[in-house]
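Colleague: Quick one, structure for this:
(one chain, ligands or ions: 2)
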Amino acid sequence: MRNIDETTITQAVLERFADTPDPRHRRIFESLVRHLHGFAREVRLTEAEWGQAIDFLTRTGQVCDARRQEFILLSDVLGLSMLTVAMHHDGGEGCTESTVFGPFHVAGAPEIDQGEDIARGAPGMPCEVAATVRGEDGAPVAGALVDVWQADAEGLYDVQRPELDHAQNRARLRTDSAGALRFRAVVPQAYPIPTDGPVGELLRAAGRHPWRPAHLHFMIAAPGYETLVTHVFRADDAYLDSDAVFGVRQSLLAQWEPAPQGGYRMHHDFVLQRSRTAAAVP
Ligand code: BEZ
Ligand code: FE
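Modeller: Ligands and ions are numbered 1, 2, ... in the order given. Alright, predicted model coming up:
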């Protein structure tokens with residue numbers, strides 16, 4: 001096809017993808033083309049603007065490394081991360097709701113025993129965290145692998161402190177035979193997502209603030225259950241209604257309350273959803 005113009009180009013590109021062998025790939029490519037072209041038409045995108053966008057995406061990739069994931073951050077502030085979570089984790093009646101994974105999880109965090117400290121010198125007010133992990137039927141989930149991670153009192157994750165030579169405020173531990181979990185940590189504080197890169201430019205251009213309400217991240221995996229990726233948020237936080245990444249769920253709020261022995265304490269009960277694939281196994 002020659003002499004393609006503004007009115008014929010979308011169909012021409014779609015035809016070029018029509019023989020994509022994998023049906024799911026084909027659906028995704030075709031929809032991407034239709035929506036991209038629709039977007040460019042709707043805003044009458046100029047070549048200069050598209051050049052600026054390519055520069056933005058290039059720089060977004062260039063600031064990524066083992067400690068920094070600017071693309072996840074971009075997906076988060078655009079609400080795309082939370083949209084994919086919301087579409088695929090309805091939680092099931094009575095199950096704990098999921099929320100964004102975020103860019104600060106580190107695989108292979110230190111393994112700890114029940115009651116140990118995850119802060120390992122991080123600044124903050126000490127607190128005891130206690131939790132239970134159960135199935136929808138109320139039965140305790142013993143031996144679940146629980147990854148926890150959080151920011152410190154200055155709003156930083158350990159990976160944002162290049163001078164640190166050990167993990168802070170992150171660990172992996174297993175639930176006991178009653179599905180219970182205990183560890184020591186610091187009280188989380190609200191923090192701004194990183195704004196020194198392209199995502200920060202985007203937020204400033206839009207007049208948006210970068211703050212996330214204080215929270216503690218959990219990822220809970222156990223055989224026979226869907227892996228749960230979620231947070232517990234501080235119920236007293238000022239940013240609950242304007243989280244920069246749209247991740248707050250009312251059911252995920254908890255009180256960090258003063259403990260009789262000093263410091264603070266927080267308790268939360270998690271309910272895991274039965275694995276959808278395991279359910280099909282007789
Ligand atoms: C986080 O909670 O760690 C996070 C989530 C999304 C963007 C930035 C940080
Ligand atoms: Fe976080």
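Colleague: The residue nearest the centre of the chain: what's its closest spatial neighbour, skipping adjacent residues?
Modeller: Centroid-nearest residue in the chain, with CA atoms, centre = their mean: Phe101, separated by 1.9 Å. The shortest distance from Phe101 to any non-neighbouring residue, by CB to CB, 6 or more residues apart in numbering, is to Val229 (5.2 Å). Yep, even glycine has a C-beta here, placed from its N, CA and C like the rest.
Colleague: where's the residue nearest to the centre of the chain relative to Gln261, distance?
Modeller: As defined by CB to CB, to the nearest Å, Phe101 lies at a distance of 34 Å from Gln261.
Colleague: Spell out, range by range, the helices that occur in the stretch 51-200 of the chain.
Modeller: Here the stretch 51-200 of the chain has its helices, by DSSP state H, counting those that start in this stretch, at 70-77, 80-88, 198-206.
Colleague: Wondering if the shortest one reaches ligand 1 at all.
Modeller: Yes. In terms of CB under 6 Å from any ligand atom, part of helix 70-77 sits within range of ligand 1, namely Leu73, Asp76.
Colleague: Could you name the helices and strands sitting against that helix?
Modeller: helix 47-62, helix 80-88, helix 198-206 (3 or more CB pairs under 8 Å, 6 or more residues apart in numbering; DSSP states H and E).
Colleague: looking at those, which is closest to ligand 1?
Modeller: helix 80-88 (7.1 Å; CB to the nearest ligand atom).
Colleague: Give the rounded mean pLDDT of the closest one.
Modeller: Taken as a whole, helix 80-88 carries a mean pLDDT of 95.
Colleague: So is that helix next to ligand 1?
Modeller: No. On the criterion CB under 6 Å from any ligand atom, helix 80-88 is out of touch with ligand 1, staying 7.1 Å away.
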